[in-house]
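Enquirer: coords below, sequence missing:
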C-alpha cells in the first residue's frame, strides 16, 4: 500500500505509515525486491549492517534499511560487483562526497561492460560461423563438435 506522502509501498506495519514501525525480513524482502536469503547474505558479508533483533530474535528492518536494499538491488541490476556496490553505498551515505568519485566508478564499470560486450560479440560470431557450416542433417559429421574437440593453444577459454 502506498504511503500518504509517497507512491512507493509503505515500509511499516499495519496502517501506521507515519510511525515507520520495523518489519520482519519477509516483508523487507517483498518491499525491497531482494530475497530474504540475499538479505541475510548481504548482512553476513557486511554490505548491510546487522539487523536489529526483536525480543523473540526476529530480524527487524526500518525504512532506511529498505531504501538501502533497493539501492543495492538497482546497483546489482546494473551489473556492479558487490565490492563496487559497497563503494557506491559509502558514497551515497557520504553527503560531502564528490560526484566525480561516483562518475569514475561508473565509468570503470562501463569499460568492463564494453569489454564483456566485445567478448560476447566475438563468441557469437564464432558460434554463428560454426552453425552456418553445420549441415544439421542425419549425417554424423558435425563441424561444431569437431571444432570443440580441436586442441588449441589458447591462453583463455
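Expert: Here it is on my side, so go on. The structure presented is a predicted model; accordingly, all values stated were derived computationally and were not measured. Numbering: from 1, shown residues only.
Enquirer: the domain parsing of this structure - what is it?
Expert: What automatic domain parsing lists as the domains of the chain is 25-78, 100-149.
Enquirer: which parts of the protein are strands?
Expert: Counting by DSSP state E, the segments of the chain that form strands are 52-53, 59-60.
Enquirer: who's in contact with the first one?
Expert: The reference is to strand 52-53. Strand 52-53 is contacted from outside by 22, 59, 60, 62, using C-beta atoms under 8 Å, 6 or more residues apart in numbering. (C-beta placed from N, C-alpha, C; glycine too.)
Enquirer: hang on, isn't the second one packed against residue 48?
Expert: No. Contact criterion C-beta atoms under 8 Å: residue 59 and residue 48 do not qualify, at 10.7 Å.
Enquirer: any idea how far residue 61 is from residue 67?
Expert: For residue 61, the distance to residue 67 equals 10 Å [C-beta to C-beta, to the nearest Å].
Enquirer: more neighbours, the two?
Expert: Legend: neighbour count by other C-beta atoms under 10 Å for residue 61 and residue 67, higher for residue 61 (23 against 15).
Enquirer: report the buried members of the contacts of strand 52-53.
Expert: When neighbours are counted using 16 or more other C-beta atoms under 10 Å, these contain these buried positions: 22, 59, 62.
Enquirer: the longest helix in this structure is where?
Expert: Among all segments of the chain classified by DSSP state H, the helix with the greatest residue count is helix 99-133.
Enquirer: packing partners of that one?
Expert: Counting contacts by 3 or more C-beta pairs under 8 Å, 6 or more residues apart in numbering; DSSP states H and E, the secondary-structure elements packed against helix 99-133 are helix 82-93, helix 143-149.
Enquirer: torsion angles phi and psi at the residue lying farthest from the centre of the chain?
Expert: Counting by C-alpha atoms, centre = their mean, the extreme residue of the chain relative to its mean C-alpha position is residue 139, 44.5 Å from that point. For residue 139, the backbone dihedrals (degrees, to the nearest 10) come out as phi -70, psi 150.
Enquirer: distance check, it against residue 128.
Expert: For residue 139, the distance to residue 128 under the criterion C-beta to C-beta works out to 21 Å.
Enquirer: if I look at the residue most central in space within the chain, what pLDDT would I see?
Expert: When the chain is reduced to its mean C-alpha position, the closest residue under C-alpha atoms, centre = their mean turns out to be residue 76, at 2.2 Å. Reading off the per-residue confidence, residue 76 sits at a pLDDT of 98.
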